[in-house]
Every structure is written in C-alpha cells, then in structure tokens.
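[1] let me see the structure of the following:
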Amino acid sequence: MMSLLVLKERLITIYQKIEVYAKPVVRFFISMLVFMVLNNSYGYDLRFNSLPIVLLLAAFCAFLPTPIMIIIAALLSFIHFYFVSKILSILVIAVFLVIYLLFIRFTPKQGYVLILMPICFLLKIPYVIPILLGIIGTPMAIIPVSCGVFLYFFIVIIKQAAQITVSMTVEDTLQLYTFVIDSLKANKEMILTIAVFAIVLLLTYFIRTRKMDHAFDIAIVTGVVVNIFVFLIGDLRLDIQDKILALVVGSIVSGIIVYVVQFFRLTLDYTAVEYVQFQDDDYYYYVKAVPKMKITVPQKNVTKINEKKVSSNRMNVKEAVKNELYDDEFEDKFDEFDDYPDEDKKR
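    A predicted model of the protein is given here:
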C-alpha cells in the first residue's frame with residue numbers, strides 16, 4: 001500500500017508540473033478516439049474516413065471546450081448519413097440539436113458524458129459511467145447519462161435504417177421516420193438501460209454520502225452488485241441471454257476502473273478519524289473529520305564530487321598538517337632553549 005501511495009504522489013506531482021500541456025494532449029486523444037469510433041461505426045463518406053482528417057479535427061478540438069467537440073462530432077455524423085440518405089441526416093442533426101438545446105447548453109461541464117457513453121458501449125463497459133458519476137457527481141447526472149444512452153441506441157437504429165433503400169417521395173420519407181420512431185419506442189433494452197443506470201447512480205451517490213467508514217468503497221461494490229443483479233433480471237425478462245457474460249465481466253472491470261479513479265482522486269485514512277464539536281450563535285455542530293492519506297515522497301539527493309576540488313582540499317589538509325607539525329616541533333625546541341643556562345644561551 002505504501003508503494004502505491006508513493007506512486008500516486010509522484011504521478012500527481014508530475015501531472016501538476018505538466019498540467020498546462022497535459023490537458024490539450026488528453027483532449028486530442030479523446031477527440032481522435034471519438035472520431036475514429038464514428039468513422040468505424042458508420043464511415044459511409046470515405047473522404048472523412050481518412051486518418052489525416054481525423055488527426056486534423058482532433059488537433060482542432062484539443063484547444064477547444066467539450067461542447068465544440070460534440071458539435072463537430074454531430075456534423076461529422078451528419079455528413080456520413082447525408083452520403084447515404086438526406087432524410088436520415090436530417091434526423092441525426094435534429095436529435096443532436098435537441099440534446100444541445102436541452103442539456104449541453106446549460107451544463108457544458110457534463111458534456112463529456114455524451115462523448116464517453118457511446119465509446120464505453122463499444123468497449124463493453126458502459127457501466128463505469130453511472131458508478132463513477134455516483135462517486136464524483138450528483139443525482140442531476142442522471143440527465144447526461146440518459147441522454148448518452150439514448151444517443152447510443154439512436155445511432156444503432158439509424159445504422160439499421162441506413163440499410164433501407166428509399167426514395168425522396170413523401171410516402172418513403174414517412175415510412176423511414178415511422179421506422180425510426182417505432183424502433184425507439186419499442187426498444188425495451190434502451191429503457192431498461194436508462195432505468196438501471198439511474199438506480200445505480202442514485203444508490204451509489206446515497207451510500208457514498210453516508211458518514212460510515214469506507215463509504216466510497218462500499219458504494220462502488222454496491223453499484224457493481226446492483227448493476228449485475230438488476231440487469232440480469234431485466235435481461236432474463238427480455239430473453240437476452242447472450243449478454244450475461246459480457247454484463248458480469250464488464251461490470252467487474254467497470255468497478256475496478258472506478259476504484260482506481262477514486263484512489264487517485266481521494267484516499268482517506270480511517271485509522272485517524274476525529275470527532276469535533278463546536279458551536280456558533282445558531283447551531284451546535286458534531287463533525288466527523290477523516291484525514292486524507294498523504295505521505296512524503298522520499299527525495300534522492302545526489303552529491304556531485306569535483307575531483308579538482310577534492311585534490312585541492314587534500315593538498316590544503318597536507319599543508320595544514322605539515323604546518324601544525326612544524327609549529328609543534330618549533331615549540332618543543334623553544335621550550336628546550338628556555339631550559340639552557342645563560343652561558344649556553346649567549347653562545
């Protein structure tokens with residue numbers, strides 16, 4: 001445990017030194033991952049499916065806030081679906097516009113949830129988002145989580161609709177719109193996912209705000225267990241048995257990821273808990289103080305030895321010794337001279 005704490009402090013120190021340069025680099029890699037996932041999922045327009053275009057867009061987003069990244073991702077999706085069907089492209093841009101006006105415009109700091117949710121679904125670990133937001137967020141995080149889940153299933157349905165060849169007639173347009181809307185309404189898996197994620201987020205938030213010891217650790221474990229249990233019941237009701245193994249493994253991996261994030265974010269020392277009581281004019285307070293676990297990183301001091309200076313010091317020491325010996329010898333001789341008779345001194 002001590003070695004992990006030392007590693008944590010060293011990594012935090014390094015990050016604080018390079019924070020100004022690290023944030024654009026992180027945004028660059030996240031943007032690149034988002035655009036690559038979009039192109040691999042529905043890269044219909046090959047002109048925007050090339051690596052130089054992805055790198056250029058990622059470099060542009062590296063120095064811009066998260067909402068701009070979402071807008072560029074929406075425009076890229078629009079271009080890909082416009083290459084297949086103008087009708088689908090209108091649906092895509094309409095959904096992104098509604099999400100932006102209702103959510104991202106007012107809570108831009110949580111816009112990263114919309115970006116991470118589809119990526120986590122493709123990585124088979126979408127459960128990490130509600131557990132993590134229950135640890136570091138508030139119940140209001142249910143809104144971006146629900147929007148992210150809806151966005152992922154909407155993209156899946158749009159990909160299915162892109163395989164339907166239709167013309168621009170009014171009947172075909174209405175048929176395509178009907179297909180998308182009916183698919184969303186009949187998608188019980190999407191409704192189940194939104195409900196389970198909301199339950200997990202609320203339960204994790206409730207437990208981690210309690211005043212019991214190891215509340216964060218208990219909240220993470222509870223979130224993982226409840227996520228598996230509720231999803232198992234829902235999947236069996238919906239007769240979805242091919243995702244049970246992925247559910248269990250993904251939930252456990254998600255719990256480990258959240259625990260690692262929590263370890264670097266906040267580590268508490270429950271062996272040194274203090275209870276403090278104080279009062280003011282209106283209230284009397286009972287406070288439980290849990291100290292953060294911090295250690296001093298051992299410093300390695302390297303002493304440089306200059307050979308010339310060492311040799312010079314050695315010569316000075318030798319001269320000093322010689323002078324001291326000479327002074328002692330002279331003193332002894334002078335003492336002997338004082339003992340001589342006066343006649344011998346005159347000689």
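[2] neighbouring contacts of stretch 255-275?
    4-5, 8, 11-12, 125, 128, 131-132, 135-136, 213-214, 216-217, 220-221, 223-224, 286-293 (Cβ atoms under 8 Å, 6 or more residues apart in numbering). For every residue, glycine as well, the C-beta is placed using N, CA and C.
[3] tell me, how many residues neighbour Val260?
    Number of residues near Val260 (other Cβ atoms under 10 Å) recorded here: 10.
[4] secondary structure element for it?
    Counting by DSSP states H and E, the secondary-structure element that holds Val260 is helix 244-265.
[5] what's the average pLDDT for that helix?
    Looking at helix 244-265 alone, the average pLDDT works out to 89.
[6] what is the burial count for Leu51?
    Every residue meeting other Cβ under 10 Å relative to Leu51 is counted, giving 11.
[7] enumerate every residue touching Ile129.
    Contact analysis of Ile129 by Cβ under 8 Å, 6+ apart lists Val113, Leu116, Met117, Cys120, Val145, Gly148, Phe197.
[8] next up, phi/psi of Ala62, please.
    The phi and psi torsions at Ala62 (degrees, to the nearest 10) take the values phi -60, psi -30.
[9] same question, Lys124
    Backbone phi and psi, for Lys124 under degrees, to the nearest 10, turn out to be phi 70, psi 20.
[10] that one is in contact with Gly250, isn't it?
    Yes. With contacts defined as Cβ atoms under 8 Å, Lys124 counts as touching Gly250 at a distance of 4.8 Å.
[11] looking at the two, which has the bigger crowd around it?
    For Lys124 versus Gly250, neighbours defined as other Cβ under 10 Å are more numerous around Gly250 (22 against 14).
[12] just checking, the more buried one touches Tyr127?
    Yes. The criterion here is Cβ under 8 Å, and Gly250 meets it with Tyr127 at 5.9 Å.
[13] buried ones among the contacts of stretch 255-275?
    In the contacts of stretch 255-275, burial by neighbour count holds for 8, 125, 128, 131-132, 135, 216-217, 220-221, 223-224, 290, 293, counting by 16 or more other Cβ atoms under 10 Å.
[14] go through the residues you listed and name the one nearest Asn49.
    The closest of the buried ones among the contacts of stretch 255-275 to Asn49 turns out to be Ile125 (Cβ to Cβ; 25.5 Å).
[15] ok, the most centrally placed residue in the chain to Ala59 distance?
    For the chain, the residue nearest the mean C-alpha position is Val261 (6.4 Å; Cα atoms, centre = their mean). Here the distance between Val261 and Ala59 works out to 27 Å (Cβ to Cβ, to the nearest Å).
[16] same deal with Tyr21?
    Taking Cβ to Cβ as the measure, Tyr21 falls 14 Å from Ala59.
[17] of the two, who's got more company?
    Comparing Tyr21 with Ala59 by neighbour count (other Cβ under 10 Å), the higher total belongs to Ala59, at 14 against 9.
[18] so, low pLDDT: which residues of this protein?
    Within the chain, the stretches with pLDDT under 70 are 1-2, 4-9, 15, 104-108, 164-173, 294-347.
[19] now do the strands in it.
    Listed in chain order, the strands of the chain (DSSP state E) span residues 274-279, 284-289.
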